[in-house]
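K.L.:
Need coordinates for the below:
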Amino acid sequence: MVFKKLLGALGVGGPSVDTVLDGGAVRPGGPLTGRVHLEGGQSDAE
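P.N.:
I've put the predicted structure just below:
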């Protein structure tokens, strides 16, 4: 149990989060568009 908590604190078995921005030029202060891909892991996360 303690070992699983330690691995979870290190990010092992947790969810995977990937941010993909759309291409194109962006001006400072301008809007960005993109997608966030979430993939569940093997342990609980908030």
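K.L.:
make it CA atoms for all contacts and neighbour counts henceforth
P.N.:
OK.
K.L.:
okay, and for the chain, where does confidence drop off?
P.N.:
Flagging of the chain using pLDDT under 70 yields the residue ranges 1-13, 43-46.
K.L.:
ranges for the helices of it?
P.N.:
Secondary structure of the chain (DSSP state H): helices located at 2-9.
K.L.:
Name whatever forms a beta bridge with Gly34.
P.N.:
Leu21 (DSSP bridges).
K.L.:
Run a quick check on it versus Val20, I expect a contact.
P.N.:
Yes - look at Gly34 against Val20 with Cα atoms under 8 Å: they come within range, at 5.5 Å.
K.L.:
Identify the contacts common to the two.
P.N.:
Where contact means Cα atoms under 8 Å, 6 or more residues apart in numbering, no residue is in contact with each of Gly34 and Val20.
K.L.:
Contacts only, for Gly34.
P.N.:
Gly34 neighbours (Cα under 8 Å, 6+ apart): 19-22.
K.L.:
And the residues you listed, which two are furthest apart?
P.N.:
Spatial extent of those (Cα to Cα) is set by the pair Thr19 and Asp22 at 9.9 Å.
K.L.:
Now list whatever residues contact both of the two.
P.N.:
34-35.
K.L.:
can you put the contacts of Gly34 in a markdown table and add distance to Gln42 and neighbour count?
P.N.:
Formatted as a markdown table, the contacts of Gly34 follow (distance: Cα to Cα, whole Å; neighbours: other Cα atoms under 10 Å):
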| residue | distance to Gln42 | neighbour count |
| --- | --- | --- |
| Thr19 | 21 | 10 |
| Val20 | 23 | 10 |
| Leu21 | 27 | 11 |
| Asp22 | 30 | 10 |
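K.L.:
and which of those residues is nearest Leu38?
P.N.:
Thr19 (8.9 Å).
K.L.:
wait, that closest one sits on Val36?
P.N.:
Yes - the pair Thr19 / Val36 is scored as a contact, 4.5 Å apart, by Cα under 8 Å.
K.L.:
Surely Leu32 touches Val20?
P.N.:
No - if you go by Cα under 8 Å, Leu32 and Val20 don't touch, sitting 10.6 Å apart.
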